[in-house]
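Trainee: Build me a model:
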Amino acid sequence: MHFAYVIAGSEATGGAGIQADLKTFQQLGVYGIGTITCIVSFDPKNDWAHRFVPIDPGVIADQFEAATASQDLDTVKIGMLGTPATIDAVAAALTSQPWRHVVLDPVLICKGQEPGAALNTDNALKAKILPLASVVTPNNFEARALSGLDRLDSVDDLAEAGRRILSHGPAAVVVKGGIDFPGPDAVDVLVRRRPGAAPEVEVLSVPKIGSARVSGAGCTFASAITAELAKGASVSAAVRTAKDFVTRGIAARVSAHTPFDTVWPGA
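Mentor: Next up, the predicted model:
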């Protein structure tokens, strides 16, 4: 039996967050254990805007204590955190024991450099969680924010963003071009650290499926990587499996009364 742990937010429609993570773990044959950091519920009366409620940091610590006492966990995915206090609680938890793999889906919430809670939260994530990660899976926006690049319009741009993010400490970065990447293909670039040598770059590309964003794709991708790493796969093999898994999930997307479709991990 293989175990995978996730520390992330709850998303009430079931399409993203810890709901998508645990579905993915189950589908890939690992036993999932989870700690909830926040509750997100879209508001159907307000154009499906986010309603966000953080979980008390003490409750996060209690969940972590119970989860890690119940099983010997060494592979964890970090999803949405949402506040500096939550980030402090999760950073303290992560540093309380060794991990074989920490997969970070770096959910950034600040869309610019304006001062305030969003920027403070993102800065805390970059300072306290990013250096603890072994694999980071930023989307196009997050990769630009973490690398300092203004645009990611080519495979070389994605690779350069990955190399810059490696300087924060992780052993591997998967930069996701996503729907914003020019051209007909969905391109991701895996950049891995190599001792004494230049980082290794691997390009993964499949044809795009539609032109609209699909909720839960990033969560599912990162949790699929986590599940495969928990089973003992190499980082490269885990990323390739996750790419195929999320591509199938996007193709079999679930429609709803929401203005967005969601990934179907069961595909």
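Trainee: show me what contacts residue 250?
Mentor: The contact partners of residue 250, by Cβ atoms under 8 Å, 6 or more residues apart in numbering, come to 209, 210, 214, 217, 263. All C-beta spots, glycine's among them, are computed from the backbone N, C-alpha and C.
Trainee: Determine which two of those residues are furthest apart.
Mentor: Pairwise distances among the contacts of residue 250 were taken by Cβ to Cβ; the largest, 12.3 Å, belongs to 210 and 263.
Trainee: ok, these two, which is more surrounded?
Mentor: Ranked by neighbour count (other Cβ atoms under 10 Å), residue 210 and residue 263 place residue 263 first, with 29 against 11.
Trainee: The more buried one and residue 66, how far apart?
Mentor: Residue 263 sits 29 Å away from residue 66, going by Cβ to Cβ, to the nearest Å.
Trainee: With residue 226 instead?
Mentor: 20 Å.
Trainee: Among those two, which residue is more densely surrounded?
Mentor: Legend: neighbour count by other Cβ under 10 Å for residue 226 and residue 66, higher for residue 226 (31 against 11).
Trainee: C-terminal to the longest strand along the chain, what's the next element?
Mentor: With secondary structure taken from DSSP state E, the chain has its longest strand at strand 31-43. For strand 31-43, the following helix or strand on the C-terminal side (DSSP states H and E) is strand 49-54.
Trainee: Flag every buried residue along that next one.
Mentor: residue 54 (16 or more other Cβ atoms under 10 Å).
Trainee: Give me the distance from the helix or strand hosting residue 206 to the chain's centre.
Mentor: Here residue 206 sits within strand 197-207, counting by DSSP H and E. Relative to the chain's own centre, strand 197-207 is displaced by 18 Å; criterion: Cα atoms, centre = their mean, to the nearest Å.
Trainee: what do you get for stretch 169-189?
Mentor: In terms of Cα atoms, centre = their mean, the centre of stretch 169-189 is set 13 Å apart from its chain centre.
Trainee: residues of that stretch that come out buried?
Mentor: The neighbour-count check on stretch 169-189 (16+ other Cβ under 10 Å) flags 170-179, 181, 186-189 as buried.
Trainee: Residue 182 contacts residue 151, correct?
Mentor: No - using Cβ atoms under 8 Å, residue 182 is not in contact with residue 151; the gap is 9.9 Å.
Trainee: that older thread, who's in contact with the strand holding residue 206?
Mentor: Counting by Cβ under 8 Å, 6+ apart, residues outside strand 197-207 touching it are 155, 159, 162-163, 166, 184-194, 236, 239-240, 243, 247.
Trainee: Next, give phi and psi for the closest residue to residue 107 other than its chain neighbours.
Mentor: Nearest non-adjacent residue to residue 107, counting by Cβ to Cβ, 6 or more residues apart in numbering: residue 80, 4.4 Å away. Dihedral pair for residue 80: phi -70, psi 130, per degrees, to the nearest 10.
Trainee: could you list every residue that touches residue 171?
Mentor: Residues near residue 171 by Cβ under 8 Å, 6+ apart: 134, 135, 192, 193, 235.
Trainee: From the contacts of residue 250, which shows the smallest pLDDT?
Mentor: Among the contacts of residue 250, residue 210 has the lowest pLDDT, at 87.
Trainee: quick check, that residue in a strand?
Mentor: No - judged by DSSP: H, G, I helix; E, B strand; the rest coil, residue 210 forms no part of a strand; its state is coil.
Trainee: Can you pull out the low-pLDDT segments for the stretch 51-200 of the chain?
Mentor: For the stretch 51-200 of the chain, the stretches with pLDDT under 70 are 110-115.
Trainee: Show me where it has its helices.
Mentor: Secondary structure of the stretch 51-200 of the chain (DSSP state H, counting those that start in this stretch): helices at 57-70, 84-94, 117-128, 140-147, 155-166.
Trainee: closest one to residue 255 among those?
Mentor: Per Cβ to Cβ, nearest to residue 255 of those: helix 140-147, 24.2 Å.
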